[in-house]
Each structure stands twice: as structure tokens, then as C-alpha cells.
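> Here is a sequence with its predicted model. Questions after.
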There are 2 protein chains.
Amino acid sequence: MNTNKLKRQQSASIEYLIPYVGIDIGGTLAKLCFALQKGSPVDFKHIEHLAIRSYSDFDVFFQTFQTNDVESLIDFIDQLNMNFITKKFYITGGGAHKFEELFQKRLKVEIIKVQEFESLRMGFLLLDQLTPNDTVFTYSKQKGQQYIVKNKSLFPFLLVNVGSGVSIIKFLDEGTIQRVNGTSIGGGFFLGLAHLLTGENNFNSLLDISNKGDNQNLDLYVSDIFGQSNAPKDIHGDALCVSMGKMTQKLKEGQDVNKQDIVKSLLLMTSFNLSQIAFNQAKLEGIQNIIFAGNFVRNHPDTMDCIDHAIDYFNQAQSKQNQNQAFFVKHDGFIGALGSFYDAFNKKVHESNV
Amino acid sequence: MNTNKLKRQQSASIEYLIPYVGIDIGGTLAKLCFALQKGSPVDFKHIEHLAIRSYSDFDVFFQTFQTNDVESLIDFIDQLNMNFITKKFYITGGGAHKFEELFQKRLKVEIIKVQEFESLRMGFLLLDQLTPNDTVFTYSKQKGQQYIVKNKSLFPFLLVNVGSGVSIIKFLDEGTIQRVNGTSIGGGFFLGLAHLLTGENNFNSLLDISNKGDNQNLDLYVSDIFGQSNAPKDIHGDALCVSMGKMTQKLKEGQDVNKQDIVKSLLLMTSFNLSQIAFNQAKLEGIQNIIFAGNFVRNHPDTMDCIDHAIDYFNQAQSKQNQNQAFFVKHDGFIGALGSFYDAFNKKVHESNV
């Protein structure tokens, strides 16, 4: 990472930003974000950033680090701090406790630990209050990514947070969130089995392998059983009946079973299953909007398309007024980090608006 | 199979039974059952049978055959027919159509095809009307098998039929059944992946392999993440967070991953997941009784215990009046066959009671 640019900006003043630094340290990735007043002389083009323009005069910048390389994160913050001199860091995620002492020792700052669900709540509160309509989108391979024009609040919605495991969290209104369900079949399940079967360890490489596979070589569809036109009238021919349903027969007959097909089948069964559980939970809660987020989902076309297809499929049995919709979010992965410092950020914005 | 006994009973009269022969021909097994008037001189001790004593004077006998050995089934019926001379056979399941011609040619009988869900409906109607309390039971490893004392109708209930795929069927009352949900993660998924990972093809052998495994070596529980006492108060320490969640770490560290543990983990994730989907569907339908049946479930202690545990777990978030219960059935696997001839059986019983 090139931090020279940062060093050259020593003269920048505290008013351009900060204390708005939020950090979310998960098991695999540490997510850092910081808000910066517009017109700040610091140029962050050299870091991976996405700007959320809020109703205020702030931009928000994002950066990820490997959690097992927390020193790089600290070095980066150290450079940032030399420019802006902040005293408060808002930290959430499992690493908030684990690295608290290290942060205090190295950076000599005050650590404010934010509870994980609270940071998610605040993060979505921030997204909900943004004026530009470029944060929440629908996705299908056919229609591509379509940002929604947000003419009302996102609330209430279900958040399906798909990391190693899956948590389903109900966001009833700005103040009330509650974990209502979850499933053990998420990213960790996919990664574990796919790694075992391919030897590949990296999630993105596994997605590449999956892209070359065709799950229809292994999965049994209604049309495989009944023929395209003979399916019972309440079951659609494109419905997945048995994940891996053709595998046993293939193995018995000594046919080659393609590992790419297996990984694709695992990816889709995981995506379809969590969509199904989320859909029924949404019905139980009487909630229509379902936001799918987390590293398993983020920016992965096959996964998002499968989720969108699954929700559409389950909608077919519902009345028109009762349709659910799958949404995805642009700043997926950073929402906890965003939320972790939003409370202070929000107060500052309100003060400056007075 | 010893059919000598049957041959020796040629003199038995038609009134002892029949035309009550029901056959359910599935992809793997063909299930035969026939009703016999009490006091019949024919001794069926030499065949695998389970007697349901109904309110009438009939006993019902059961026998399974491999579907790919349908000739043995026909030979058996041929012997049976020499004793009782029936003209009507009620056949359900995918094989009803496939083998219709063969049956007519070989046995010269009338084939009455019964629609699959209709035969299930009639089968449960029969079970519901039985007086002895030994058909529906609860199961946990701790408490064992406990037959319920049935002081009211089983209806309404959800039937979770776990074969290669999983169908969830709502039995609202004696006349109304409807497929309301399903999942592709059932026996076919388990069998396919477990076969791939172990080379073992036989379902019962895979259960034996699973019995030697410990899923906690691979699965990540709440207590693994938070420690036994630090778990968030709304999440139980014994809750499964990530199926196969420890696998990636183990593989990275070059640790041995035990195939027995993998098969056990696959078995439990499948059982837990279908329980979860069934539980939420029951909530949506406002139904408390959930009967789990099908070859994946039948008589398998680990599977039944996991399902019972899962339903208990999901009940913890519910009020006392709103608790669901997992049930299993003694004649699991034969219910379609039973139902396929029950309509005629029922009429005969009513006639003889007049």
C-alpha cells in the first residue's frame, strides 16, 4: 500500500474529519472506514474506496485488511492519524475485544467497542438516510444490477447476513432489530466441502471453479422426473427436486463426476436453501423486503442470481400483494464498520447543520 | 422366500380377504400390503409382517421387494392369488404406470392406479382411525420410542416425506391434502455426497459409517465461538452455527479430516435443515403436529433424534401453547401402499358391520 500521499498531507486539519473512524474486525477480514469532509486536501484515490455521499458534506472511504495481518491495518491508521489526529476509534466484530489492547498500545487512542448487531443497525440507518439512490439494488443475470429509486424507508426488512454461518435479522424500524433465525448452511459449509473436494482454499478461486461447472449435470429437476410437460400442475418444471440427485447413479455407472459441477451444485443448494429459509421467515414476520448480504453473497453473480430466482420461485405461490423481493447492497461488508461510528458521525452532522 | 405354506392353504376362501391388495412401487423399493380377515387359516409368520389391528376383523400384512426385482413381487402375488383369487390390485407410486402391462399380462387381474398423494391421504386416514395406540410415536435418544396415546384425531398435521427429495404435505382434515413446500436437500443429496466421499453405495452402510463419526469434530457450535458461558443470551450454546465450519481450518493445518465425521455432519445438517424448513412451514400453517417419514428417516435413531432435537430447539423461541411436536410412524414406508387399497377396504368393513 502506498502511504506516501498521506504523509505529504500532514498539514491537513482536524476539521476535515475524524473522530469518525469505524473498524469491523471479523474472523477473516478487517473492514475500515472513515468519513472525510468534502474538499479535504487528502487524495485517497490510491486506496480502494467507495464514496457514499450523505446528506451532509462528508464522504466515506473504505479499506479492507486481512485480519491475520492486523499490523498493516494499524500502520495505515497510524498514517491516517498523523494527518488528522483523532482520539476515538469505534470498533466492532469479534476482533474488537481481541485487538483492543494492541490498538491502545500502538495508537494511544480511546477504543469504543460497539456491539455487533448495534453497528449493523446504525449502518443500515445510515444507508436508509442517504439521498442518492445508488446503495440498494436488485440483481438477476437477465436484468443485471438495478439500483432502486428509494422513495420510502427501507424499514421494515429482513437482513440475511451470509458469512461462515447465516443470521437472519429483523429490522423492524430504526430502533428495533432482532435476530430471528439462522442456518448452519452458509459460506463455511460451502467453503469446507468445496475445499475438501477440490483442494482449493480461496473463496474467489472456488467461485471461478464453480463458474465452469453445470449443476444440471448432477441435480435432479422436476423436468428430469416427469418430463417437461408432465409435471404436476402445482410444481414448476424448473424446480430443483434433489440436489446431487444424479450423482449416485453416475457413480454407480462409473461415469465421471466433474468437480466443477459439484462446486456449482454446492453453491446453488446453499444459496437456494438460505433463500427458502429467509422467504418463510419473511412470511412469518409479514415483511416483504429481504436484503441478502455478507461475503458469501457480495458481488457474486451466480449467487445473487440464484437468490433472486429462488425468491421469485417462492413468490409464485403468493398473491400479487404479497410478493417478496430480494435486495443486495453496494457497501456490503462495510455496513458494520460504517455503523460502528455512525452515532458520533450523525451527531456531528446535526451540530454542523444547526 | 418360503411360499410352501401358502401353497398348502389353497382351500382358504375368498371371504378371508382380498380384493384388498395394495402396492406402492417406488424408485428403489416396492411395498406390498394385503388385508386378511382374522382367523384366516393362512400363516404369514414366515414373511416380514407387521399387523395393524383395525376396528374391524382384519389384519394387514406387509412385504417389501426391490423394484428392480419386480418378478419376485409378481411371483409372490401369484402364490397369494392362488389362495384367495382376487381380481383387483391397487397400485400407486412411479411404478404403477411402468409395470401396469406386466401385471396384467402375468396375473390377469384388474389394475386400479391410485394417485400418489391420494394413496398417502387414504393411508393416514386409516392410521388415524385405528384404535390401538401403537402407530404414531415420539423419539429421542434420551427418552427412546414412546407411542402416543391417541385420544383425538391426528389431523391437522404436516407430513414431511423424506425420500431422495423432501415434500412437505399439509393434511388439513380427512378430505384435504396439499403439497405446501419441499427441499432439495434430502436423502439423494446425502447419499450422493456421502457416496462420493466414502465410495459406499448402500444407505444402511452409510448410516453405520455415520454412527462411528462425531460431527462436533467438524461442525462449529455457538460454544466453540463464544465459549460455553459467553454466548449471546438469545442463542443457545448447543446451537449449530456452521456445518463443516471447522473443516477449512483443519485442512489448512494439514490435519486429518475423518470421513466418518463428514458423513455424520452431512446426515445431521440434512436432518436439521429439513426440520427447520418444516417447523417454519408449520408455523405458517398454524399446525402443531409434524410427522416425519420416508426412507431417510425410518428407524434411524440418529436422524430421528436430530429431528426431535431441532424441533425442540426451535420451540424454545415459542410460547408454551405454541409448541410443535415431531412424530414418527411405525408403518413408515407402507402408508402409500396401505392407502392405495383402503377405500375398498373401508367400504367392505362398513358393509360387514351393517
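Nice, thanks for sending it over.
> Neighbours of residue A:112, how many?
Counted with other C-beta atoms under 10 Å in any protein chain shown, the neighbours of residue A:112 add up to 17. Backbone N, C-alpha and C define where each C-beta goes, glycine included.
> so what's it up against?
A:88-91 (C-beta atoms under 8 Å, 6 or more residues apart in numbering or on different chains).
> Not counting sequence-adjacent ones, nearest residue to the residue of the stretch 251-354 of chain A found nearest chain B?
Of all residues in the stretch 251-354 of chain A, residue A:280 sits closest to chain B, at 4.3 Å by C-beta to the nearest C-beta. Sequence neighbours aside, residue B:280 is the residue nearest to residue A:280 in space, at 4.3 Å (criterion: C-beta to C-beta, 6 or more residues apart in numbering or on different chains).
> for the one you found, helix, strand, or coil?
Secondary structure, DSSP: H, G, I helix; E, B strand; the rest coil: residue B:280 is helix.
> what about the strands in chain A?
Secondary structure of chain A (DSSP state E): strands at A:17-25, A:29-37, A:58-66, A:88-92, A:110-113, A:136-140, A:144-147, A:157-162, A:166-171, A:177-183, A:220-221, A:240-242, A:289-293, A:325-329.
> So which residues make contact with the shortest one?
Right, the one you point to is strand A:220-221. Contacts for strand A:220-221 (C-beta under 8 Å, 6+ apart): A:237-242, A:245-246, B:164-165, B:184, B:188.
> Can you tell me which of the residues you listed has the most neighbours?
residue A:242 (28 neighbours).
> Isn't that residue up against residue B:184?
Yes. Between residue A:242 and residue B:184 there is a contact under C-beta atoms under 8 Å: 5.5 Å.
> shared neighbours of those two, anything?
Common neighbours of residue A:242 and residue B:184 (C-beta under 8 Å, 6+ apart) are A:219-220, B:165.
> Serialize the strands of chain A to JSON lines and add fields for mean pLDDT.
Compiled in JSON lines, those are given as follows (pLDDT from 0 to 100):
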{"stretch": "strand A:17-25", "mean pLDDT": "74"}
{"stretch": "strand A:29-37", "mean pLDDT": "82"}
{"stretch": "strand A:58-66", "mean pLDDT": "81"}
{"stretch": "strand A:88-92", "mean pLDDT": "86"}
{"stretch": "strand A:110-113", "mean pLDDT": "86"}
{"stretch": "strand A:136-140", "mean pLDDT": "93"}
{"stretch": "strand A:144-147", "mean pLDDT": "91"}
{"stretch": "strand A:157-162", "mean pLDDT": "95"}
{"stretch": "strand A:166-171", "mean pLDDT": "95"}
{"stretch": "strand A:177-183", "mean pLDDT": "93"}
{"stretch": "strand A:220-221", "mean pLDDT": "86"}
{"stretch": "strand A:240-242", "mean pLDDT": "87"}
{"stretch": "strand A:289-293", "mean pLDDT": "96"}
{"stretch": "strand A:325-329", "mean pLDDT": "95"}
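> Format those strands as CSV; extra columns: distance to residue B:32.
As requested, the strands of chain A are exported to CSV (distance: least, C-beta to C-beta, whole Å):
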stretch, distance to residue B:32
strand A:17-25, 61
strand A:29-37, 59
strand A:58-66, 62
strand A:88-92, 62
strand A:110-113, 66
strand A:136-140, 48
strand A:144-147, 55
strand A:157-162, 46
strand A:166-171, 44
strand A:177-183, 39
strand A:220-221, 27
strand A:240-242, 26
strand A:289-293, 47
strand A:325-329, 47
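> Compare these and give me the one nearest residue A:125.
strand A:166-171 (9.0 Å; C-beta to C-beta).
> Can you list the strands that the closest one pairs with?
Looking at strand A:166-171 with DSSP bridges, its partner strands are strand A:157-162 (antiparallel), strand A:177-183 (antiparallel).
> any chance of those strands in CSV, plus mean neighbour count?
Shown next, in CSV, are the strands paired with strand A:166-171 (neighbours: other C-beta atoms under 10 Å in any protein chain shown):
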stretch, mean neighbour count
strand A:157-162, 26
strand A:177-183, 19
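> thinking again about what came up before, hmm, the residue nearest to residue A:280 is touching residue A:281, no?
Yes. Applying C-beta under 8 Å as the test, residue B:280 and residue A:281 come out as touching, 6.5 Å apart.
> Mutual contacts of these two, please.
By C-beta under 8 Å, 6+ apart, the residues touching both residue B:280 and residue A:281 are residue A:181.
> Wait, residue A:25 touches residue A:93, no?
Yes. The pair residue A:25 and residue A:93 qualifies as a contact (C-beta under 8 Å) at a distance of 4.4 Å.
> Need the residues touching each of the two.
Common neighbours of residue A:25 and residue A:93, using C-beta under 8 Å, 6+ apart, are residue A:31.
> Just give me the neighbour total for residue A:107.
17.
> Touching, it and residue A:77? I think so.
Yes. Using C-beta under 8 Å, residue A:107 is in contact with residue A:77, at 6.2 Å.
> shared neighbours, the two?
In contact with both residue A:107 and residue A:77: residue A:89, using C-beta under 8 Å, 6+ apart.
> which ones are touching residue A:261?
A:213-215, A:217-218.
> now do residue A:200
By C-beta under 8 Å, 6+ apart, the contact set of residue A:200 is A:194, A:206, A:209.
> For residue A:194, see how far away it is.
Distance, residue A:200 to residue A:194, using C-beta to C-beta, to the nearest Å: 7 Å.
> rewinding a little: make sure the residue of the stretch 251-354 of chain A closest to chain B is actually in contact with residue B:284.
Yes. Using C-beta under 8 Å, residue A:280 is in contact with residue B:284, at 6.4 Å.
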